[in-house]
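**Student:** Take a look and give me a structure for this.
(chains A and B)
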Amino acid sequence: NAGVIQTPRHKVTGKGQEATLWCEPISGHSAVFWYRQTIVQGLEFLTYFRNQAPIDDSGMPKERFSAQMPNQSHSTLKIQSTQPQDSAVYLCASSLVGGPSQNTLYFGAGTRLSVL
Amino acid sequence: QQKVQQSPESLIVPEGAMTSLNCTFSDSASQYFAWYRQHSGKAPKALMSIFSNGEKEEGRFTIHLNKASLHFSLHIRDSQPSDSALYLCADSGTYQRFGTGTKLQVVP
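**Tutor:** Down below sits the predicted model:
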């Protein structure tokens, strides 16, 4: 099992450009989460899918951020018109749904986004 | 907004010492509490978790949960240099909410 796979590992964009981040959850995990990590804010929740359906996107900046899960094997996070304050490590995590093990999050290595 | 607070922000301890990390949460309805460890440049990895009040021990690691005082702690016995990492606590509603972390450095 390769774990949660995130690509690319690093992405550099210019201000105003678009960035798309990819996540492949662990096979068999039905819940997928996106978080953003910075030194100042720590690990911030962005959005959550269960069985590919969006459940909670309360952490998403609404205007420029969007997330999709078109099939059970991948999810994308798209940031339009990137701004310097979007610079962060974006982490994807997956978990089982149901049972005592459902709450353990398995994180990918993250995508470090740098907006110049 | 429900928050998770961690203390201290950073900590340096000598090898072999007992390390205590603290976490307070604000949602008394939270059902699940966990500690994650993140080594530099790596992904956070689940360390231990607990659902109900009390204590749980695994090897050198012990966690305490007191829902009445909204307090959750991690204790590391005989701390090792390999324990040096960022420690994140989390409580869970619909999703897991994380504190900003305690950066632990264990020096030989």
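
**Student:** residues near residue A:28, how many?
**Tutor:** Residues contacting residue A:28 under the criterion other CB atoms under 10 Å in any protein chain shown number 10. Heads up, the C-betas are built off the backbone N, CA and C, glycines and all.

**Student:** Actually, residue A:76.
**Tutor:** Using other CB under 10 Å, residue A:76 is surrounded by 15 other residues.

**Student:** what does chain A have sitting close to chain B?
**Tutor:** For chain A, the residues in contact with chain B (CB under 8 Å from any CB of the partner chain) are A:4, A:33, A:35, A:41-45, A:48, A:55-56, A:91, A:100, A:103-110.

**Student:** If we ignore the residues flanking it in sequence, what's nearest residue A:29?
**Tutor:** residue A:94 (3.8 Å; CB to CB, 6 or more residues apart in numbering or on different chains).

**Student:** Any residues of chain B in contact with chain A? List them.
**Tutor:** Residues of chain B lying near chain A (CB under 8 Å from any CB): B:32, B:34, B:36, B:42-46, B:49, B:51, B:88, B:92, B:94-101.

**Student:** low-scoring stretches of chain B, by residue?
**Tutor:** Residues of chain B meeting the criterion pLDDT under 70: B:1-2.

**Student:** how about the strands of it, start to end?
**Tutor:** Along chain B, counting by DSSP state E, strands occupy B:4-7, B:10-14, B:19-25, B:32-38, B:45-50, B:54-58, B:61-66, B:71-76, B:85-92, B:96-98, B:102-107.

**Student:** which residues does the closest residue to chain B within chain A contact?
**Tutor:** Residue of chain A nearest chain B, by CB to the nearest CB: residue A:42 (3.4 Å). Contacts for residue A:42 (CB atoms under 8 Å, 6 or more residues apart in numbering or on different chains) come out as B:88, B:98, B:99, B:100, B:101.

**Student:** quick one: which of these has the most company?
**Tutor:** Neighbour counts for the contacts of residue A:42, by other CB under 10 Å, peak at residue B:88, which reaches 27 neighbours.

**Student:** who does that one bridge with?
**Tutor:** Residue B:88 has these beta-bridge partners by DSSP bridges: residue B:36.

**Student:** what's the answer for the one 10 residues further on, then?
**Tutor:** Beta-bridge pairing of residue B:98, defined through DSSP bridges, involves residue B:90.

**Student:** For the buried ones among the residues of chain B next to chain A, write the corresponding ChimeraX selection.
**Tutor:** Buried residues within the residues of chain B next to chain A, by 16 or more other CB atoms under 10 Å in any protein chain shown, are selected in ChimeraX with:
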select /B:32,34,36,43,44,46,49,88,92,95,96,97,98,99,100,101
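
**Student:** filter the residues of chain A next to chain B to the buried ones?
**Tutor:** The buried subset of those (16+ other CB under 10 Å) comprises A:4, A:33, A:35, A:42-45, A:48, A:56, A:91, A:103-110.

**Student:** which SSE is the residue lying closest to residue A:52 once chain neighbours are set aside in?
**Tutor:** In space, and not counting its chain neighbours, residue A:52 is closest to residue A:69: 4.6 Å by CB to CB, 6+ apart. Taking DSSP states H and E as the criterion, residue A:69 maps to strand A:65-71.
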